[in-house]
Every structure is written in structure tokens, then in C-alpha cells.
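[1] kindly generate the corresponding structure for this input.
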Amino acid sequence: MKHITLILCALLLSLTSFAQMTYDTDFTQTKVMKLSGKTTLKAGHLVFDGNDHLTMNYTDPKGEYFIVEGNLVKMNMNGTKTTLDAEKMNKVKLQRATLLNCLSGNWEQAAADNEAELIIKEENGMRNVLIQTKGKVSKSGYSSVELTYRLSDGMLTKMILDEAIGIKNIYELK
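    As a prediction, this is how the structure comes out:
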């Protein structure tokens, strides 16, 4: 009976550690343009409420931001401010959902939304999740998403978004 209780407790802890995550942390972003090999480094602060509110304020370059508020996606990148309604644009809706699901630890939904294969490996105290798109990827989608979570607390430490258009964004959370 003690063994069953211990196993159930361990399972419960494992499930809750990957439940809805919230973040208030610094991050770095490395953007790689595959064709040219050009690399851009950025840094900032990320706040995520575990649902549908995400704020990424960049400190380098200062003044840039990426914000998800419900269905709205607001950006200031390279001095260009944009507000998009994800409900009116399927491309934005999918990218928004993928990002929020990956941050909250709901990689199964992210894989389903992207009609992708899900590969999960655990090693060295980390859970590595690969969401690999099957077949042809639309220009607006991700060909793959790689996620690294700490097993100890379920926190996302690294996210690699590989866009079909040849841009790879690597986010490292502190």
C-alpha cells in the first residue's frame, strides 16, 4: 500500500509541475536568418500569466515589445508598431496559440494545432519536447518547435521556433 501511495504522490507532483505555468523572468533571443546566416541578439523581460496574457518588453533593443492580450497581438519591432486580431487572421491565431501552449506546458495541444509529431525525451534533469511538422508546412507556420523544461519544477528554459520561411528564433529564459 505504501508503494502505491508513493507512486501516486510522485505522479501527482509530476503532473502539477507541468500544469499551467506562469513566468516573470528575463530572456535572451537569438534570431538566425538561415539563408544569409545573419544573427541578431536581443534581450528583455517576459511576463506570462499562464493563460492568454504575455508581455515581452525588450531592453535591447530598448522600446521593442511583443504583447498578447487575449486575441490581440501587439508588436513594436524595428520601430514599426502593429496590432493584429488573431481571430481574424488564421496565421496569427496559430502562431499565438502555439506560443501560449508551449509556455504553459501544453505541448500536446501545440502539436495537434500544427498537425505535428510529438517526441519527448528526458535526460539530465530536463524534458526535451520536439514538435515536428508532418508533411508540407505553410509559409506562415513552424517547421519545428523545440522546448526544454526543467524536470524539477516544470519551467521552460529554452524554446526554439523554426519558421518555415527560414528564420529560427531561440529564446532562453533565465
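[2] how about the strands in this structure?
    23-33, 39-48, 53-60, 62-69, 72-77, 80-85, 116-123, 126-133, 142-150, 156-163, 167-173 (DSSP state E).
[3] just checking, what packs against the third one?
    Think strand 53-60. strand 39-48, strand 62-69, helix 90-103 (3 or more C-beta pairs under 8 Å, 6 or more residues apart in numbering; DSSP states H and E). Using the backbone N, CA and C atoms, a C-beta is placed for each residue, glycine as well.
[4] go on, the last one?
    When contacts are defined as 3+ C-beta pairs under 8 Å, 6+ apart, strand 167-173 sits against strand 23-33, strand 156-163.
[5] distance from the chain centre to the shortest one, please.
    Relative to its chain's centre, strand 156-163 lies at 6 Å (C-alpha atoms, centre = their mean, to the nearest Å).
[6] same check, this time on stretch 67-78
    15 Å.
[7] got the end-to-end distance for that stretch?
    End-to-end distance for stretch 67-78, by C-alpha to C-alpha, to the nearest Å: 15 Å.
[8] now swap in stretch 144-157 and tell me
    17 Å.
[9] residue contacts, L100?
    By C-beta atoms under 8 Å, 6 or more residues apart in numbering, L100 lies in contact with F48, N51, D52, L54, V68.
[10] please pick the buried ones from the residues you listed.
    Listed as buried from these are F48, D52, L54, V68; burial here means 16 or more other C-beta atoms under 10 Å.
[11] re earlier: among the contacts of L100, which one lies nearest to D153?
    Distances from D153 to these, taken as C-beta to C-beta, are shortest for F48 (14.9 Å).
[12] how about that closest one: what's its closest non-neighbour residue?
    By the measure of C-beta to C-beta, 6 or more residues apart in numbering, the closest residue to F48 outside its immediate chain neighbours is Y23, 4.3 Å from it.
[13] now that neighbour: how far from L130?
    The gap separating Y23 from L130 is 21 Å, by C-beta to C-beta, to the nearest Å.
[14] now swap in E69 and tell me
    For E69, the distance to L130 - C-beta to C-beta - is 29 Å.
[15] what do you get for A164?
    16 Å.
[16] contacting residues around V73?
    F66, I67, T83, L84, D85, A86, V92, R96.
[17] partners of it in the sheet?
    V68, L84 (DSSP bridges).
[18] run a quick neighbour tally on S152.
    For S152, the neighbour count with other C-beta atoms under 10 Å is 9.
[19] which residue, other than its chain neighbours, is closest to it?
    That would be G125: by C-beta to C-beta, 6+ apart, it lies 6.5 Å from S152.
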